[in-house]
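1. how would this look folded up:
(2 chains)
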Amino acid sequence: DAGVTQSPTHLIKTRGQQVTLRCSPKSGHDTVSWYQQALGQGPQFIFQYYEEEERQRGNFPDRFSGHQFPNYSSELNVNALLLGDSALYLCASSLNREVKTQYFGPGTRLLVL
Amino acid sequence: GENVEQHPSTLSVQEGDSAVIKCTYSDSASNYFPWYKQELGKGPQLIIDIRSNVGEKKDQRIAVTLNKTAKHFSLHITETQPEDSAVYFCAAKGYKLSFGAGTTVTVRA
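-> Down below sits the predicted model:
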């Protein structure tokens, strides 16, 4: 049984560019949450998708947007990249939005130059 | 919003000794407190959790305590082993899941 998978593993972009990160949830899960983890910090909640809609959002600007597909996979899009967007982006999947069942993927390391 | 503070930021212990990590939270509406272990190159993994209606929970060498009045919760690892070396995060869930900044635990053989 595959756990949460994310692609790509690493990515380098320049300021002003746009990026799309992808996540496939653990089998049987229907909810996807995205987190940003800066170096040496804890993960910060970006947003949560359930039934193809954004259900909760953290304190992130509109440059951060997402999507969930009918197969429960999800994308995170970041526009107009800033140097401060450099971080590990974690995807976590769960069942029925229940945090207790949440499993994290290995993350995508984004570097903005 | 919720603010979770975690101490210490680094912890070095001799194999076999105990390790204690402490966290405080600000939102009295928080009702779920998980602890995660993150190894290099991996995402956080849930190791133990506690709900607000419970004061203490134990799972083998790991235990968590919660003091809702003081808004404190702690992780205790007994008989530490080299494989316990990792970064540990506490978290609190009110509206959303908020994480502490992490504690890097090193177990010396």
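2. which sections of chain A are below the confidence cut-off?
-> Scanning chain A for pLDDT under 70 picks out A:1.
3. Do a quick rundown of the strands in it.
-> A:5-7, A:10-13, A:19-24, A:31-37, A:44-50, A:53-57, A:64-68, A:74-78, A:87-94, A:103-104, A:108-112 (DSSP state E).
4. who does the third one touch, helix- and strand-wise?
-> What that stands for is strand A:19-24. With contacts defined as 3 or more C-beta pairs under 8 Å, 6 or more residues apart in numbering or on different chains; DSSP states H and E, strand A:19-24 has these neighbours: strand A:5-7, strand A:10-13, strand A:74-78, strand A:87-94, strand A:108-112. To be clear about C-beta, it is placed using only N, CA and C from the backbone, and glycine gets the same treatment.
5. Show me which residues of stretch B:96-109 are buried.
-> Buried residues in stretch B:96-109, defined by neighbour count with 16 or more other C-beta atoms under 10 Å in any protein chain shown: B:96-103, B:105, B:107.
6. Most tightly packed of the helices and strands packed on strand A:19-24?
-> Of these, the one with the most neighbours on average (mean count of other C-beta atoms under 10 Å in any protein chain shown) is strand A:87-94, at a mean of 24.
7. With only the CA atoms kept, save that one in PDB.
-> Output of strand A:87-94 as PDB, limited to C-alpha atoms (Å, rounded to 0.1, in the frame of the first residue of the first chain):
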ATOM      1  CA  ALA A  87      10.900  25.700   1.900                       C
ATOM      2  CA  LEU A  88       9.900  22.100   2.200                       C
ATOM      3  CA  TYR A  89       6.300  21.700   1.100                       C
ATOM      4  CA  LEU A  90       4.500  18.900   2.800                       C
ATOM      5  CA  CYS A  91       1.300  17.200   1.700                       C
ATOM      6  CA  ALA A  92      -0.700  15.200   4.200                       C
ATOM      7  CA  SER A  93      -3.700  13.100   3.500                       C
ATOM      8  CA  SER A  94      -6.400  11.900   5.900                       C
END
